[in-house]
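Participant: Compute the structure for the input listed below.
(2 chains)
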Amino acid sequence: MRSEADHRAVADFLYLEARLADEARYAEWLELWTDDGVYWVPATTDPDADPERHLSHIYDNRARIETRVKLLQTGVRRSQEPASQMRRLVSNIEVEAAADGELVAGSNFILAELAVQARRELHWWAGRVIHRLRRVDGRLRMSRKTVVLVNAAEPLPNLAFLI
Amino acid sequence: MIDYKHLVQDDRIHASLYTDPAIFDEEIERVFHRGWVFVGHASEIPSPGDYVTRTVGTEPVIMVRAGDGQISVLVNRCRHRGTMVCPADRGHARTLTCPYHGWTYDLRGDLLGVPYPGGYTAFDKSANGLPRAPRVSQYRGFVFASLAADGISLAEHLGPASRLIDRSCDLSPEGLIELTAGWVRHRCAANWKMLPENDSDGYHLGFVHMALFRTIRTQYQRVVGDERSIKAVVRDWGHGHIEIDWSPGYEGLFEWLGNACGSTVERFVAEIEQRDGPEVARRRFREGPAHALIFPNLFLGETNIAIVQPVSVEECVHWHTPMFWKGVPEWNGRLLRMAEAGMGPASFLMPDDLIIAGRNQLGLHARTSPWLLLGRGLNRETVDADGRIVSHVTDETTNRGFFHHLRAVMTDA
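Facilitator: Reported below is the predicted structural model:
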């Protein structure tokens, strides 16, 4: 069972995570992960996708999440130099309690990205995100974030920012 | 009349090669439609009725396996009104049926029937099949097609560069690779030639990929040191096939595989040693798979296979999938993670390459100085015993090999 308080806390978490990603606040974003976090962006919208058999856009364990962030923090990650201007809307939030006590939050997003690094194009991204959230020392942390882009299986421009 | 001999010189090329829509159109015709082009791998369509959709140049095609096992490359366009017959990336079908008026083709593209045939008199079904690539040929499961009825054979096109494909396939205990993980496609706002050029450029790593080198150790670390200490080389194999060979810089086994070790490696070593003997096996495990461009659109990207797809003069798509070695499926998970680390829009390498390609494309619109320099290494390249041009890994031997072949293709009678 989940409470109204859980729902509120999850929404606050999702909004914070979205804002930190939008504003390239990499260290603070990394703080939102548990030590065993898994960050998955499948390359298909097929619900049966298996990252052990199918190629993904991102399938990071905790160590690789840290590498991803460190690259951005060097300031010479060419594909994010300078960082894209971004704002995302998070909506349609649904929260369920999992058997292990974690909260499972589904949400939809639309993200406007101004890719300022070359042609200065506005890219629109949209999809469904499933967060698994765990309380660690009284605060919600992500143990898994799965981002299913509506165009997951299409040719994509650079996705070097935090989606 | 475009003067390619002027635009492609021995040590410089003209910017219009990347920006002129008329040149793009001629390249599609001469390079992609008359020449041999990589379409896909036989392992992608293992059973009769399996198909994948691709492009040959800008031509949409279906690569499909028929009941007799033969692979055809059919133009993905109904003969009747031009409707795309197969819109999906992949599928399985007993027949290919157009959704518009129900024209139905078999898996070889032959027209089986049309609804309400009374509306035609003396209709010749045999003349109205799906247009097909007149020449389709395989090398170790790599399927190539040419839309021209005549021309050199695939074996002539590959020439000695078939050894580059061998180098990648021979790491499989069964001598075969499998492309079963699916493809990721990465959009690039640049002319298609930037991709094969960058894929075979050993000069850019320390600059474009500076963030990666500052963050983690990789097998490419050896090429960002002192110029004289770098042992890796580039080679021009002829016919536009070009290579970076990192292996002269590798000392141990599996450096190209992140210094893999453990029981998975032991079984791998045992299998290849049993087949090839310990000496050849050790060489294979030290050298690793090829890093090479098979002209014009197949990139053997070490543990990945990539395709270069031209879209328009300023747009292309880079496809990639991990190369699985048949017979050692325990490697697949690691190969997936390596593919995601290196290639694709969210990886640690390619986004940086493709954004630089995009900036190249922007810069090339400056016409005050329209020439690009291509002479690096002309002072030190040599020809080896096999007739290949070899030079320091940072030299433009690869770009020259690519462009000089392109010039030949564009000016051939």
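Participant: switch to C-alpha atoms for all contacts and neighbour counts from now on
Facilitator: Will do.
Participant: where does A:Trp124 sit relative to chain B, distance-wise?
Facilitator: Distance, A:Trp124 to chain B, using Cα to the nearest Cα, to the nearest Å: 14 Å.
Participant: ok, now A:Gly106?
Facilitator: The value you get for A:Gly106 to chain B, if Cα to the nearest Cα is used, is 22 Å.
Participant: part of a strand, is that residue?
Facilitator: Yes - secondary structure of A:Gly106 (DSSP: H, G, I helix; E, B strand; the rest coil): part of a strand.
Participant: count of residues packed around the spatially closest residue to B:Asn191 that is not a sequence neighbour?
Facilitator: Spatial nearest neighbour of B:Asn191, excluding adjacent residues (Cα to Cα, 6 or more residues apart in numbering or on different chains): B:Glu314 at 4.5 Å. Close neighbours of B:Glu314, defined as other Cα atoms under 10 Å in any protein chain shown, add up to 19.
Participant: just the one 4 residues further on next, same as before
Facilitator: A count of neighbours around B:His318, defined by other Cα under 10 Å, yields 27.
Participant: How about B:Lys125?
Facilitator: B:Lys125 has 12 neighbours, counted by other Cα under 10 Å.
Participant: right, and it touches B:Asp106 too?
Facilitator: No - with contacts counted by Cα atoms under 8 Å, B:Lys125 stays clear of B:Asp106, the gap being 11.9 Å.
Participant: Now do the shared contacts for the two.
Facilitator: B:Leu112 (Cα atoms under 8 Å, 6 or more residues apart in numbering or on different chains).
Participant: pretty sure the residue nearest to B:Asn191 contacts B:Tyr18?
Facilitator: Yes - counting by Cα under 8 Å, B:Glu314 does reach B:Tyr18; the two are 7.4 Å apart.
Participant: Enumerate the residues of chain B near chain A.
Facilitator: Proximity of chain B to chain A, by Cα under 8 Å from any Cα of the partner chain, involves residues B:180-189, B:208-212, B:214-216, B:317, B:321-322, B:332-333, B:336-337, B:339-340, B:344-348, B:351-352, B:354-356, B:358-359, B:362.
Participant: Could you turn the buried ones of the residues you listed into a ChimeraX selection?
Facilitator: Entered in ChimeraX, the line below selects the buried ones among the residues of chain B next to chain A, by 16 or more other Cα atoms under 10 Å in any protein chain shown:
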select /B:180,181,182,183,184,185,186,187,188,189,208,209,210,211,212,215,317,321,322,332,333,336,337,339,340,344,345,346,347,348,351,352,354,355,356,358,359,362
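Participant: Give me the subset of the residues of chain B next to chain A lying in strands.
Facilitator: If you go by DSSP state E, those have B:Val184, B:Arg185, B:His186, B:Arg187, B:Cys188, B:Val317, B:Thr321, B:Pro322 in strands.
Participant: Find the residue closest to B:Trp36 in space, skipping its chain neighbours.
Facilitator: Nearest in space to B:Trp36, with sequence neighbours left out and distances taken as Cα to Cα, 6+ apart, is B:Ser146 at 4.8 Å.
Participant: which residues touch that neighbour?
Facilitator: Applying Cα under 8 Å, 6+ apart to B:Ser146 gives the contacts B:Phe32, B:His33, B:Arg34, B:Gly35, B:Trp36, B:Val37, B:Ala133, B:Pro134, B:Arg135, B:Val136.
Participant: Now the last one: which helix or strand?
Facilitator: Read that as B:Val136. strand B:135-139 (DSSP states H and E).
Participant: partner strands of that strand, parallel or antiparallel?
Facilitator: Neighbouring strands of strand B:135-139 in its sheet, by DSSP bridges, are strand B:142-146 (antiparallel).
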